[in-house]
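K.L.:
The sequence isn't on hand, but the structure is:
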């Protein structure tokens, strides 16, 4: 019995390691170098999952300038007033990381949400759309 459990654990470990290596390779491909300014995101969608009413709605999109020129973000616009982005105002050097922070208003309880943030930059293409989604629980004592 112990041998069977050991064999099963080794098999799971091998599959997990193989998957991690594939994921790392895919990340490297996604961050291919570009001529000019570029933006390579760890993820272009953030899933909040299910969050409590009035909880912290701030999340961060992390990106790297994968180009050979400084990246300049000139605007970040949420798809509605409940989605407020902040972005770096200074140029992001080639190879440097940056963060786009998004705050979703979680006082809008009892509903699912799917919102976007549109970035305007000097990269090609000049716009990039990021997505946040999730579900906010109803306020305590209310029906959803």
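P.N.:
Thanks, I have it. Computed from a predicted model, the values in this text were never measured in an experiment.
K.L.:
any idea how far residue 91 is from residue 112?
P.N.:
Residue 112 sits 37 Å away from residue 91 when distances are taken as Cβ to Cβ, to the nearest Å. C-betas here are computed from N, CA, C, even on glycine.
K.L.:
Looking at those two, which is more packed in?
P.N.:
Between residue 112 and residue 91, counted using other Cβ atoms under 10 Å, residue 91 has the larger neighbour count: 16 against 9.
K.L.:
Nearest residue to the more buried one in space, ignoring adjacent ones along the chain?
P.N.:
The spatially closest residue to residue 91, leaving aside those adjacent along the chain, is residue 70, at 3.8 Å (Cβ to Cβ, 6 or more residues apart in numbering).
K.L.:
quick one: contacts for the one you found?
P.N.:
Residues touching residue 70, when contacts are defined by Cβ atoms under 8 Å, 6 or more residues apart in numbering, comprise 37, 91-94.
K.L.:
Reformat the residues you listed as TSV; add secondary structure and pLDDT.
P.N.:
Formatted as TSV, the entries for the contacts of residue 70 read as follows, by DSSP: H, G, I helix; E, B strand; the rest coil; pLDDT from 0 to 100:
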residue	secondary structure	pLDDT
37	coil	96
91	coil	98
92	strand	97
93	coil	98
94	coil	97
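K.L.:
Just the buried subset of the residues you listed, please.
P.N.:
Neighbour counting over these (16 or more other Cβ atoms under 10 Å) leaves 37, 91-92, 94 as the buried ones.
K.L.:
quick one: the helices in this structure?
P.N.:
With helices called from DSSP state H, the chain shows them at 2-30.
K.L.:
where do the strands sit along it?
P.N.:
With DSSP state E as the definition, the chain shows strands at residue ranges 40-41, 45-51, 58-64, 73-78, 83-86, 97-104, 111-121, 127-136.
K.L.:
Kindly reformat those as CSV and extend each row with mean pLDDT and distance to residue 33.
P.N.:
Compiled in CSV, the strands of the chain are given as follows (pLDDT from 0 to 100; distance: least, Cβ to Cβ, whole Å):
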stretch, mean pLDDT, distance to residue 33
strand 40-41, 96, 9
strand 45-51, 97, 24
strand 58-64, 98, 11
strand 73-78, 98, 19
strand 83-86, 97, 26
strand 97-104, 98, 15
strand 111-121, 97, 17
strand 127-136, 97, 17
